[in-house]
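> Predicted model, plus sequence, below.
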Amino acid sequence: MPFFVYGTLRPGQFRHDLFLRGRTLNEEPARLHGAVLYEGPGYPYAVEEPGGVVTGCLVTARPEAYPTLLAELDRLEGYAPGDPDNLYERLARDVERTSGGTVRAWVYVAAPRVTARLRAHGTRIDSGDWLDGR
């Protein structure tokens, strides 16, 4: 499955070069419906919420790079299946291509404990686009 990225992994951002450059087949603008963004410490968190929209990029990895890339992104995002201390959860969600159509993609969203903290004390990015104002 492709990945939907919305922060430091987007093209032009510093983690894109570190993790994705040369390892993708396609990168295209996309939107995730049903989520909103919050500021994090140098990176954003997507939080699932009906009616929200997050702007980002749909990234399709090269098949030969996929297993390693998936493991590296899980480590980067602080995700391990079933770990209650996760920062993010990796979920399969439908993502809308801005060119038309939807595709199922991996999305890293804030883990439940992080979500609760963000909703109580976080700073929401109202535009849904982390790059606005950067």
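Right, received. Where do you want to start?
> Name the surrounding residues that touch the helix or strand of the chain with the lowest mean pLDDT.
Here the helix or strand of the chain ranked lowest by mean pLDDT, DSSP states H and E is helix 14-19, holding a mean of 94. For helix 14-19, contacts defined as CB atoms under 8 Å, 6 or more residues apart in numbering pick out 5, 7-10, 69, 72-73, 76. For every residue, glycine as well, the C-beta is placed using N, CA and C.
> Only the buried residues of that helix, if you could.
Using 16 or more other CB atoms under 10 Å as the test for burial, helix 14-19 gives 16, 19.
> Helices of the protein, start to end?
Per DSSP state H, the chain carries helices over the ranges 14-19, 66-76, 112-121.
> Of all the ones you listed, which one is nearest Cys57?
helix 14-19 (8.6 Å; CB to CB).
> What is the neighbour count of Asn86?
Residues near Asn86, counting by other CB atoms under 10 Å, number 20.
> burial measure for the residue nearest to it when sequence neighbours are not counted, as a count.
Spatially, and ignoring its direct neighbours in sequence, Asn86 is nearest to Ala111 (4.2 Å; CB to CB, 6 or more residues apart in numbering). By the criterion of other CB under 10 Å, Ala111 has 20 neighbours.
> Now do the same contact list for Ala111.
79, 86-89.
> what's the answer for Gly128, then?
Per CB under 8 Å, 6+ apart, neighbours of Gly128: 31, 36-37, 52-55.
> If we use 6 Å, what do you get?
37, 53-55 (CB atoms under 6 Å, 6 or more residues apart in numbering).
> now do Arg75
By CB under 6 Å, 6+ apart, Arg75 has no neighbours at all.
> Look at it and report its pLDDT.
Listed pLDDT for Arg75 reads 95.
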